[in-house]
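Novice: would you be able to build a 3D model of this:
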Amino acid sequence: TANGEVFKGFSWTFSTPNMPVQVGIQGDETIYMLLENGQLMSRGMQLKSSKVSGEITFEDWDNLQNYKSEVNLISCGYTHNAILDKRNSPILKGLNYCGELGDNNPTFGSTPKLVKAGYQTSAIICEDNTLWMCGRNDFYQIIGNEGTHSAKFIKVADNILDVALGNGYTLYVDTNNILWAIGRNHLGQLGDGSTIDRTTPVKIMDGVESVFTSPSGYFSACITLNHDLHIWGDNSFSQLGHSDLENNSIPKVILSDVTKASLGGWHGFALTSDNKLYGWGNNAHGQLPGELFNAVSPKLVAENVLDMDAGPKTSLVLYISGKVSGWGYKTHSNLGSGYGNASNFIVNLGRTYDVLQGASLIPSRFEINPQSEFAFSPIPKPLTGDYEYVEWSSENPEIASVDGNGIVRSSKLGETVITAKFVDRYGNSKKAHAT
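Specialist: Below you'll find the predicted structure:
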């Protein structure tokens, strides 16, 4: 890091089918990784709040542990999370300041298909496209609930495709692809061209596919049907990517061909259809991989990316290979033990089609006369996967040596073992031997 501190990475290897498909950050304290088999892993601060007594407990997990099984998806809020399990049942965990965990046995009009967690607010969209919400409501962010908190899920709208829960405000997209907003608007985060708080929904724009907010900040984004990324709101750290520091209350395009976005406290990410990751905004804690300073416009920060999530001051990236890397503020073992900034936390979970599964040398046993040569040509590849380079070595080089091209040169009678160490682009390796 900038002050000379060095932080070690961490790595785990999971066998098929336990490969990661989604990552998430709750606040800056907790990270999550959802595996293909439905197992949800977690690391960092585990926050719990009793719905009955309100008692708060916490535990610091300094190793990646099993958090929940049979999970379809997870949405991470500021101090709680929302899970949809394999039976399409919503499960909400974490703190419960304003009733954001909802009631114990909620009843919905139809089967839940999408869950969202925000800043002390939760939302569920069902198969019949009804929207249900609970939690904090001081700025009328629970649509039509007249400014009172709700500890129970209540139906607030029909014909809804997507919803995003900000700090005191709500954005949602209806089945006509119209974007609507309600709630706090002091920095233009609603996108209606004003800084006036709204107690009833106001139309923002047409042709919207999905919408995003920051659970801890005051800026917003949406992806249109033609995959343009629009962004607006607070811009105190260039988190709008507009190449300036001016707040903007009107949506503005900053990137095209976007499939997903994630907004942190004062930085953001966008993933394009070719799996390239762009980042912008505040970088005080190193939360933008590969960048040294704040980025006033989108910068390419990673490639071959499958998923990502931005926390208030932390970032988590899942690569197609299965590697999970994290950058930014390090606290409560989220990115490793101790506190400070983590320049590159790594969880190496490896996908079978990118990571070495085996290697071989043919022939596995051979004889040559003294003072002669034998060449492994062409250099054999691993049985599956790709590799970057091969390291060659001889167990008894006084008998026979091997150079970097796999050419064996014998010196005298005897026996030795030639080893080829295949190393892939993620640092994984497999060895093959010949006698």
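
Novice: make it CA atoms for all contacts and neighbour counts henceforth
Specialist: Noted.

Novice: list the helices and strands whatever helix or strand I254 lives in packs on?
Specialist: Using DSSP states H and E, I254 sits within strand 248-255. In terms of contacts (3 or more Cα pairs under 8 Å, 6 or more residues apart in numbering; DSSP states H and E), strand 248-255 is packed against strand 229-233, strand 295-302.

Novice: list the buried residues in the longest one.
Specialist: Same thing as strand 295-302. A295, V296, S297, P298, K299, L300, A302 (16 or more other Cα atoms under 10 Å).

Novice: what strands flank whichever helix or strand comes after that strand, and is each parallel or antiparallel?
Specialist: Heading C-terminal from strand 295-302, the first helix or strand you meet, by DSSP H and E, is strand 305-310. Looking at strand 305-310 with DSSP bridges, its partner strands are strand 314-319 (antiparallel).

Novice: give me the angle between the strand it pairs with and strand 295-302.
Specialist: 30 degrees (axes from the mean of the first three to the mean of the last three Cα atoms, to 10 degrees).

Novice: tell me the mean pLDDT over strand 314-319?
Specialist: Averaged over strand 314-319, pLDDT sits at 90.

Novice: mean confidence score for whatever helix or strand comes next after the strand holding I254?
Specialist: Of the helices and strands lying after strand 248-255 in sequence (DSSP H and E), the nearest is strand 258-263. For strand 258-263, mean pLDDT is 97.

Novice: now do the buried residues in strand 258-263.
Specialist: Buried-residue list, strand 258-263, by 16+ other Cα under 10 Å: V258, T259, K260, A261, S262, L263.

Novice: first-to-last residue distance for stretch 111-120?
Specialist: End-to-end distance for stretch 111-120, by Cα to Cα, to the nearest Å: 23 Å.

Novice: touching that stretch from outside, list them.
Specialist: Here stretch 111-120 makes contact (Cα atoms under 8 Å, 6 or more residues apart in numbering) with 74-84, 88-90, 96-100, 122-128, 135-136, 163-168, 214-216.

Novice: filter those residues to the buried ones?
Specialist: By 16+ other Cα under 10 Å, those give 74-84, 88, 90, 96-100, 122-126, 128, 135-136, 163-168, 214-216 as buried.

Novice: which residues does the nearest residue to V258 once chain neighbours are set aside contact?
Specialist: Spatial nearest neighbour of V258, excluding adjacent residues (Cα to Cα, 6 or more residues apart in numbering): T272 at 4.2 Å. Taking Cα under 8 Å, 6+ apart as the criterion, T272 is in contact with S256, D257, V258, T259, K260.

Novice: what do you get if the cut-off is 7 Å, keeping everything else the same?
Specialist: Shown in contact with T272 (Cα atoms under 7 Å, 6 or more residues apart in numbering): D257, V258, T259.

Novice: hmm, K276 and the second one touching each other?
Specialist: No - using Cα atoms under 7 Å as the test, V258 is too far from K276 to be in contact (9.4 Å).

Novice: can you list residues touching both of these two?
Specialist: With Cα under 7 Å, 6+ apart, V258 and K276 have no common neighbours.

Novice: most widely separated two among the buried residues of strand 295-302?
Specialist: V296 and A302 (17.2 Å; Cα to Cα).

Novice: so what are the sheet partners of the helix or strand harbouring L73 and their directions?
Specialist: Assigned by DSSP H and E, L73 falls within strand 71-76. Strand pairing for strand 71-76, determined by DSSP bridges: strand 80-85 (antiparallel).

Novice: and the next element down the chain from the strand it pairs with?
Specialist: Following strand 80-85 toward the C-terminus (DSSP H and E): strand 90-94.

Novice: so which residues make contact with that next one?
Specialist: By Cα under 7 Å, 6+ apart, strand 90-94 touches L47, K48, S49, T79, H80, N81, A82, I83, L84, L101.

Novice: just how off-centre is the top strand by length along the chain within its chain?
Specialist: Identified as the longest strand of the chain according to DSSP state E is strand 56-68. Per Cα atoms, centre = their mean, to the nearest Å, the displacement of strand 56-68 from the mean C-alpha position of its chain is 18 Å.
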